[in-house]
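> Need coordinates for the following:
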Amino acid sequence: MSLPYAPMAPWNVPSSLFLLTLLSLMCSASQSSSLFREYIGAGSNCVSFSDVPIHPGVDFHFILSFAIDYTTSKHPTPTNGEFNIFWDDDNLTPSHVTSIKQSHGNVKVALSLGGDSLGDGNGDVYFHPSSIDSWVANAVTSLSRIISSYNLDGIDIDYEHFMADPDTFAECIGRLLTILKNYGLISFASIAPFEDDAVQSHYLALWRKYGHVIDYVNFQFYAYDANTTVSQFLRYFEMQRSNYDGGKILASLTTDKGSSGGLSPEHGFFNASRLLKSEGKLNGIFIWSADDSKSNGFRYEKQSQDLLASACSY
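Okay, here's the model as predicted:
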């Protein structure tokens, strides 16, 4: 049955303009998150918040790296949840946090726990609780003090070495995040796993029991081989979306020349990210780290934020 007339584009809008409007609406409907996150403070490059370019069109999270439950002595030892500041607190002070948040309304600041190593040849950072209850009690007390002093907004979990089983890790971290959120001390939490059997067993145990209190998964895709291709990256991304089912998985790259791996910008990272964005799967991008990016003028921070802030990727 034929229609009695051919309807015009709504409101008599010229067809070309109608098509552009339709494409824009379709793009907006599938648009991914505009979250950009940057680890900062683990190096000794005297980088400050104000050095890093901040696009007004993104949600920007600085992540102070790191708070560690070790002593700050010449030869650090575990403290069972009593956290100390190990980031560059000469250039990243409470007043600097206040200043950057006042200057940029789209900025929030978090702190990350653990990290890979203590630096200065002091070995790896281990998650090493004496007991679940004592670790959680000490962590809540010490971190509450740091979070309040620095006026922080969130917390990131980046333990990479373990002297505790996955269930103990899950209980300690899960209870900590739950308490900090219930007390209103943080508004978001993230975890930073990577593809390693020991690491994944601990974080997946945490995810299964306490995924509801974890807002973002800062998956370290740069821990994969340095010759990763676009197709491999996309496959890895889908694998982690399945592992952390329902989680907001962020794409990631590193500017650390000493550990550069994964899909690099030169080999298609931003092409892959645009594809994920067009499919509505890009929950954000994070970079390790501002300390390393300072030497190249934060080139990839700018590219990442431009991509995230763009209305659409074709």
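
> which residues in this structure form strands?
Under the criterion DSSP state E, the chain carries strands at the ranges 35-40, 59-68, 84-85, 107-115, 154-159, 188-191, 216-217, 251-254, 285-288.

> Turn those into TSV, including mean pLDDT, distance to His267 and mean neighbour count.
No exception for glycine: its C-beta is placed from N, CA and C like everyone else's. Rendered in TSV, the data for those read as follows (pLDDT from 0 to 100; distance: least, C-beta to C-beta, whole Å; neighbours: other C-beta atoms under 10 Å):
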stretch	mean pLDDT	distance to His267	mean neighbour count
strand 35-40	98	21	26
strand 59-68	98	25	25
strand 84-85	98	36	16
strand 107-115	98	27	23
strand 154-159	98	25	24
strand 188-191	99	26	22
strand 216-217	98	23	23
strand 251-254	98	11	24
strand 285-288	98	16	26
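
> okay if I get those as CSV plus distance to Ser264?
Written out in CSV, the entries for the strands of the chain read as follows (distance: least, C-beta to C-beta, whole Å):
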stretch, distance to Ser264
strand 35-40, 17
strand 59-68, 21
strand 84-85, 32
strand 107-115, 22
strand 154-159, 22
strand 188-191, 23
strand 216-217, 21
strand 251-254, 7
strand 285-288, 12
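
> which strand residues sit across from Ser112 in the sheet?
Beta-bridge pairing of Ser112 under DSSP bridges involves Ser65, Asp156.

> Check the one 5 residues further on too.
Under the criterion DSSP bridges, Ser117 forms beta bridges with Asp124.

> So it is in contact with Asp158, correct?
No: with contact defined as C-beta atoms under 8 Å, Ser117 does not reach Asp158; the gap is 11.5 Å.

> Now do the same contact list for Gly41.
Contacts here follow C-beta atoms under 8 Å, 6 or more residues apart in numbering; on that basis Gly41 touches 47, 64-66, 87-89, 91-92, 290-291.

> how far away is Phe36 from Asp292?
Applying C-beta to C-beta, to the nearest Å, the value for Phe36 to Asp292 is 16 Å.

> residues contacting Ile132?
By C-beta under 8 Å, 6+ apart, Ile132 lies in contact with 168, 171-172, 175.

> And the pLDDT for Arg241?
Arg241 is assigned a pLDDT of 98 by the prediction.

> Look up the closest residue to it, ignoring the ones flanking it.
Computed as C-beta to C-beta, 6 or more residues apart in numbering, the closest residue to Arg241 that is not its neighbour in sequence is Ile249, at 5.4 Å.

> Burial check on Lys257, number of neighbours?
Other residues within reach of Lys257, judged by other C-beta atoms under 10 Å, total 9.

> looking at it, it is touching Asp292, isn't it?
Yes: in this structure, Lys257 sits in contact with Asp292. The criterion is C-beta under 8 Å, and the distance is 7.0 Å.

> mind listing what's buried in stretch 181-195?
When neighbours are counted by 16 or more other C-beta atoms under 10 Å, the buried residues of stretch 181-195 are found to be 181, 185-186, 188-194.

> just how off-centre is that stretch within its chain?
10 Å (C-alpha atoms, centre = their mean, to the nearest Å).

> measure that stretch end to end?
Terminal residues of stretch 181-195 lie 28 Å apart, using C-alpha to C-alpha, to the nearest Å.

> Equivalent analysis for stretch 59-79, please.
Distance between the two ends of stretch 59-79: 34 Å, counting by C-alpha to C-alpha.

> from the middle of its chain, how far away would that stretch be?
Relative to the chain's own centre, stretch 59-79 is displaced by 17 Å; criterion: C-alpha atoms, centre = their mean.
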